[in-house]
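Engineer: Predicted model and sequence follow; I will ask about them next.
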Amino acid sequence: MRRTDMTSMHSIETSGPAGTHRAGELLAGLVRPGDVIALGGGLGAGKTALVQGLAAGMGVVGHVPSPTFNLLLVHRADVPLYHFDLYRLETASQLVDIDFYETLEAGGVSAIEWADRFPEQLPDDRLDVTIEVTGEESRRLDVEGTGPRSRDLARSWSDAWRDAGGGEGR
């Protein structure tokens, strides 16, 4: 994922999976239909934990697994959550096979794990979230909005995290 406007960069520090989940819950209160969240980070960084929190905050009922072997899971809520995992795809042309572009425009919130595999295929206005492992359980979420809507979303999420005292302990 490209880094363009450094003024739109924010960081969220979590101390464990519960904090990463809580960060996702806070994000859920800010997203709207059509928002795209592009997730990057190594295996086990916490991408799915963040999406699980997002799903819980959006009102998704039930287990939210990683869609690794399905590529796309649709979670029903007032606003649907489209949960992609692009790890197993080899070429951008395979995105057509999973209705990637149509789904992004279907009026839900899209969370895309391993989005950094096909950065040129992502919408121009999206929220890039790169999760870095900073300790055994601690993580740093580097957040950047790449367009007008996502820059506002990045700033609002960072503010909500700060206002919640870092979101930890809930």
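Structural biologist: Looks like it came in fine. Residues are numbered from 1 along each chain as shown.
Engineer: Just checking, which helix or strand succeeds the stretch of helix or strand residue 19 belongs to along the chain?
Structural biologist: Element membership of residue 19, judged by DSSP states H and E, is helix 17-28. Toward the C-terminus, helix 17-28 is succeeded by strand 36-40 as the next helix or strand (DSSP H and E).
Engineer: Quick one: list the elements packing against that following strand.
Structural biologist: Judged by 3 or more Cβ pairs under 8 Å, 6 or more residues apart in numbering; DSSP states H and E, strand 36-40 is in contact with helix 47-58, strand 109-113, strand 127-133. Every residue, glycine included, has its C-beta placed from N, CA and C.
Engineer: Export only the CA atoms of that strand, formatted as PDB.
Structural biologist: Output in PDB follows, covering the C-alpha atoms of strand 36-40 (Å, rounded to 0.1, in the frame of the first residue of the first chain):
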ATOM      1  CA  VAL A  36     -13.000   0.200   2.100                       C
ATOM      2  CA  ILE A  37     -10.400  -0.900   4.700                       C
ATOM      3  CA  ALA A  38      -7.200  -2.300   3.200                       C
ATOM      4  CA  LEU A  39      -5.300  -4.400   5.700                       C
ATOM      5  CA  GLY A  40      -1.600  -5.300   5.600                       C
END
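Engineer: shaky segments in this protein?
Structural biologist: Applying pLDDT under 70 to the chain picks out residues 1-7, 167-170.
Engineer: what do you get if the cut-off is 50, keeping everything else the same?
Structural biologist: Confidence mapping of the chain against pLDDT under 50 gives the ranges 1-6, 169-170.
Engineer: tell me, what residue is most central in it?
Structural biologist: The centroid of the chain falls nearest to residue 37 when counting by Cα atoms, centre = their mean (4.0 Å).
Engineer: that older thread, quick one: buried residues of the helix holding residue 19?
Structural biologist: Across helix 17-28, burial judged by 16 or more other Cβ atoms under 10 Å covers 17-28.
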